[in-house]
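> Fold the stuff below for me.
(2 chains)
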Amino acid sequence: MSAGSPAAGKPGGFVNWVDSRLPVFSYLQKEYGEYPAPRNFNYWWNFGALAMFILVTMIATGLLLAMQYTANTEMAFDSVQRIMRDVNFGWLLRFLHMNGASFFFLVIYIHMGRGLYYGSYKAPRELLWMLGVVILLLMMATAFMGYVLPWGQLSFWGATVITNLFSAIPLVGDGIVTWLWGGFTVDNPTLNRFFTLHFLLPFLIVGVVVLHVIALHVHGSNNPLGIDPKGPQDTVPFHPYYTMKDSFGLCVFLLVYAGFVFFAPNWFGEPENFVPADPLVTPLEILPEWYFLPFFAILRSVPDILFIDAKLAGVLAMFGSIFVLFLLPWLDTSKVRSCRFRPTYKWFFWILVLDMILLGYVGGNQPDDLSPLGVRFIVLGQIGTLYYFFHFLILLPLLGKIERPRPLPASISEAVLPANRAGGGAPAGATAQRMEKAR
Amino acid sequence: MTDQAHGEHGESRRDFLMLTAAAFSAVGVGYTVWPFISSMNPSQDVLALSSTEVDLSAIEVGQRVTVKWRGSPVFIDHRTPEQIADAEATALDDLPDPEPDSARVQKPEWLVVVGVCTHLGCIPVGQKPGEVTGEFGGWFCPCHGSVYDTSGRIRSGPAPTNLPVPEYTFLDDTTIRIG
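Next up is the predicted model:
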């Protein structure tokens, strides 16, 4: 089972001939074959590979959709209907692409939550984390512009509202918005450039993903214990152990994804977007896709602050809620990575998750409506927003100083091997030897 | 473990599992890739345009008319008795792509051919009065000099085959449907 390894090729064989000139095979063998991964990954470690899979799916389906789509305000809506009705399997490509966007964010949010829970952003993986935040920002821009392309009512008014965010910038704001539009409203020039950028950005994402993976492979993956592997007894080769585990996770993921694509393809969509864009009529309710709702709630929650009006303050808070993630590796002062050994932070992690769900719920409702809790949604949104920033800017720096972490195990193998867990079985050295032989 | 059980020729249960898993995966990948490839084939709205009805009543004897069918020109020639006689009299031995005139027409006075040179896809001239029709009174391709006769058959030049006859039916005496 060492296919792809240089050893598989005969001396002087084709594989070796290529490899001595362009070391793709030995690279793959080193980074995805024998690449030593901590032996204790759980299924939360599948989501990076899943994200990679969806990125490829989105590019493949997007490429074929782009061959059928027309980026013109007169024809865009009809060209999407043509894809749905006339193009062979066009409905499948579009539903894979539409639902793929939702699943991409779902997977990425879980991937980030994994990083938060197990402290994967801490030294020496700060840049790895920050590159991930860059990917998130690029994904958000890509998803937003992709949503504009079908040119339905929500496409048009979503584009109008989001581009108008930039008008909050003092002095130059209006000039920037006109520049973004290429006109005085969202119109044909806007649609054209959004299509161009929607095509370009995924390839930039691929580029940053490559950097993300390079940064990952320098120090290797974090693991559920959050301690570094101390030797071969703490790791297993990536192939076949994690290629198999990732494949199994992928199958489970595909069942859910295909379930939505084939049985509830419009579940994530809004009926309003089946109405062609009309620049003269705004729909009564403009909601972004679910994955933007928490940030949308933050945008709408912020009131006037001192000399900053609510419009600018909301925009700053919304962008700030992402940018604060760049600082996370330094805001968290605890040296312990994994929540398993941080009894207090563990609670606050789950409170943050609930806070995000609350913000998402608030984002999906009108700010002035009364919530089931008896207060208006805007109040809930303000509490959620305050807590979000409190968590990152105040709680995390303090918690690292006052929390008493549980004692860390001496090594991964000591903590996870049953013989050792049962209490003083074989010494670690013996385990190491057994593993070495097995390889 | 059953993993370690080996068959007659040293095959293990694991080999069997690997092979069946790989086979299933290959079939699955095939089924997944097909919609992607298929989406680039002509779509239903393109296929819907693949037949054209033509009213022949306005075409006089000796007149040639071009209609568009599936994006390509179709030459409709209301042939004169001399042209028909010419086409029928040609010996098959003189033809690079031997085919009797009777096999190329449904009614001798109406010749219907796809007007795309079988060499490299140019449109031959000869449709309009006064254009070069070539040595055999049919069509002449200006790109590389292929010459067609009054039955649309290749007579000289680099084109390998006759101008193809599209599928068509007479709906009544003066109307045909191409495609």
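> From here on, just use CA atoms for contacts and neighbour counts.
Will do.
> List the residues that contact residue A:138.
With contacts defined as C-alpha atoms under 8 Å, 6 or more residues apart in numbering or on different chains, residue A:138 is in contact with A:201, A:202, A:204, A:205.
> in which helix or strand would I find it?
helix A:126-148 (DSSP states H and E).
> Determine the set of other helices and strands touching whichever helix or strand comes after that helix.
Once the chain leaves helix A:126-148, the next helix or strand it forms, by DSSP H and E, is helix A:153-164. Applying 3 or more C-alpha pairs under 8 Å, 6 or more residues apart in numbering or on different chains; DSSP states H and E, we find helix A:153-164 packed against helix A:126-148, helix A:173-181.
> Need the single longest helix in chain B, by residues.
Using DSSP state H to define each element, chain B has its longest helix at helix B:13-38.
> could you give the mean pLDDT of that one?
Helix B:13-38 shows a mean pLDDT of 93.
> What is it packed up against?
Looks like helix B:13-38 contacts no helix or strand (3+ C-alpha pairs under 8 Å, 6+ apart).
> Buried residues of it, list them for me.
Residues of helix B:13-38 classed as buried: residue B:36 (neighbour count, 16 or more other C-alpha atoms under 10 Å in any protein chain shown).
> Tell me the most packed of the contacts of residue A:138, by neighbour count.
Of all these, the highest neighbour tally under other C-alpha atoms under 10 Å in any protein chain shown goes to residue A:202, namely 22 neighbours.
> Helix or strand: which one has that residue?
Element membership for residue A:202, per DSSP H and E: helix A:188-219.
> From the chain's centroid, how far away is that helix?
Offset of helix A:188-219 from its chain centre (C-alpha atoms, centre = their mean, to the nearest Å): 13 Å.
> cool, stretch A:376-396 as well?
On C-alpha atoms, centre = their mean, the centre of stretch A:376-396 falls 22 Å from the chain's centre.
> Share the number of residues neighbouring the closest residue to residue A:33 other than its chain neighbours, please.
Spatially, and ignoring its direct neighbours in sequence, residue A:33 is nearest to residue A:239 (4.7 Å; C-alpha to C-alpha, 6 or more residues apart in numbering or on different chains). Residue A:239: 19 surrounding residues under other C-alpha under 10 Å.
> can you pull the contacts of residue A:239?
Contacts for residue A:239 (C-alpha under 8 Å, 6+ apart) come out as A:32, A:33, A:34, A:35.
> In JSON lines, list those along with neighbour count and pLDDT.
Shown next, in JSON lines, are the contacts of residue A:239 (neighbours: other C-alpha atoms under 10 Å in any protein chain shown; pLDDT from 0 to 100):
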{"residue": "A:32", "neighbour count": "18", "pLDDT": "90"}
{"residue": "A:33", "neighbour count": "22", "pLDDT": "89"}
{"residue": "A:34", "neighbour count": "17", "pLDDT": "91"}
{"residue": "A:35", "neighbour count": "17", "pLDDT": "91"}
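> which one among the residues you listed gets closest to residue B:64?
Nearest to residue B:64 out of the contacts of residue A:239 is residue A:32 (C-alpha to C-alpha; 67.8 Å).
> Just give the nearest non-adjacent residue to the closest one, would you?
residue A:238 (5.9 Å).
> residue contacts, that neighbour?
A:32, A:33, A:34, A:35, A:36, A:37.
> hang on, the earlier thing: ranking the helices and strands packed on helix A:153-164 by burial, who's on top?
Most buried of the helices and strands packed on helix A:153-164, by mean neighbour count (mean count of other C-alpha atoms under 10 Å in any protein chain shown): helix A:126-148, with a mean of 20.
> Near chain B, which residues of chain A? Just list them.
Proximity of chain A to chain B (C-alpha under 8 Å from any C-alpha of the partner chain) is limited to residues A:61, A:64, A:85, A:86, A:87, A:88, A:89, A:90, A:92, A:93.
> Okay, and which of these map to helices?
A:61, A:64, A:85, A:90, A:92, A:93.
> Turn those into TSV, including pLDDT.
Supplementary listing: those in TSV, determined by pLDDT from 0 to 100:
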residue	pLDDT
A:61	97
A:64	97
A:85	96
A:90	97
A:92	97
A:93	97
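> I'm done for today, thanks for sticking with me.
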